[in-house]
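A.B. asks: Sequence first, predicted model second:
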Amino acid sequence: MTNALTSTVSTPIGPFTVVTTDDERPAVLASGWTGDIGDLLPVISPALRPLSTTRATSIDGITDAVVRYHEGDLTAIDDVAVQQNSGPFLTHAWAVLRHVKPGRPVTYTAFAELCGRPTAIRGAAAACARNATALFVPCHRVLGSDGTLRGFRWGLPAKQWLLDHEREE
């Protein structure tokens with residue numbers, strides 16, 4: 001990919017930046033609670049990583065969905081297109097994560113089962129760890145087997161905020 005769009009919006013957790021394809025219907029390549037594009041570009045698959053980026057004030061259908069989600073419309077992010085590249089299991093796992101409902105977090109064990117591979121608990125954890133499109137592929141909705149918070153690229157306080165925000169609805 002030659003060029004991507006980037007945009008940052010304010011959220012209660014801090015700045016949230018998206019990197020998207022630069023086309024008629026943009027798809028999220030990477031996103032997270034940072035104002036630094038340098039935190040996001042390395043997590044994009046090399047096959048999808050843009051050669052350049054253009055900063056935009058907003059990105060149609062994406063930045064407004066982020067704002068609406070943080071304001072309480074938990075379904076605002078559901079139809080935002082994402083584009084990630086990996087092997088079959090991770091690609092499938094990321095698609096499965098998009099169906100984990102807000103306010104109903106699952107454990108890594110349950111996530112592996114939802115993926116159709118009940119013994120692939122480490123694979124399920126790897127899908128969360130390698131997810132470049134935080135929020136849109138809601139890896140924050142996966143908990144340790146004992147129901148406690150486990151790693152999150154954007155920090156456990158951010159993960160806790162998201163889970164609390166979704167529980168309030």
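C.D. replies: It's in.
A.B. asks: Now the terminal residues of stretch 74-94, how far apart.
C.D. replies: For stretch 74-94, the separation between the terminal residues is 18 Å (CA to CA, to the nearest Å).
A.B. asks: Tell me which residues of that stretch come out buried.
C.D. replies: Across stretch 74-94, burial judged by 16 or more other CB atoms under 10 Å covers Leu74, Ala76, Ile77, Val80, Val82, Gln83, Gln84, Ser86, Phe89, Leu90, Ala93, Trp94. Just so you know, the C-beta spots here come from the backbone N, C-alpha and C atoms, and that holds for glycine as well.
A.B. asks: Spatially, which two of those residues are the most separated?
C.D. replies: By the measure CB to CB, those have their two most distant members at Ala76 and Phe89, which lie 28.4 Å apart.
A.B. asks: Just put the buried residues of stretch 74-94 in JSON lines and tack on distance to Pro46.
C.D. replies: JSON lines is the format used below for these (distance: CB to CB, whole Å):
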{"residue": "Leu74", "distance to Pro46": "33"}
{"residue": "Ala76", "distance to Pro46": "30"}
{"residue": "Ile77", "distance to Pro46": "26"}
{"residue": "Val80", "distance to Pro46": "23"}
{"residue": "Val82", "distance to Pro46": "17"}
{"residue": "Gln83", "distance to Pro46": "14"}
{"residue": "Gln84", "distance to Pro46": "12"}
{"residue": "Ser86", "distance to Pro46": "11"}
{"residue": "Phe89", "distance to Pro46": "19"}
{"residue": "Leu90", "distance to Pro46": "15"}
{"residue": "Ala93", "distance to Pro46": "20"}
{"residue": "Trp94", "distance to Pro46": "17"}
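A.B. asks: can you tell me which of the residues you listed are in helices?
C.D. replies: For the buried residues of stretch 74-94, membership in helices holds for Phe89, Leu90, Ala93, Trp94, with DSSP state H as the criterion.
A.B. asks: is it possible to export those residues to JSON lines including pLDDT?
C.D. replies: Converted to JSON lines, these look like this (pLDDT from 0 to 100):
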{"residue": "Phe89", "pLDDT": "95"}
{"residue": "Leu90", "pLDDT": "95"}
{"residue": "Ala93", "pLDDT": "97"}
{"residue": "Trp94", "pLDDT": "97"}
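A.B. asks: Closest one of those residues to Phe16?
C.D. replies: Distances from Phe16 to these, taken as CB to CB, are shortest for Trp94 (19.0 Å).
A.B. asks: check contacts around that closest one.
C.D. replies: Taking CB atoms under 8 Å, 6 or more residues apart in numbering, we find Trp94 in contact with Val82, Gln84, Ser86, Ala127, Asn131, Thr133, Val137.
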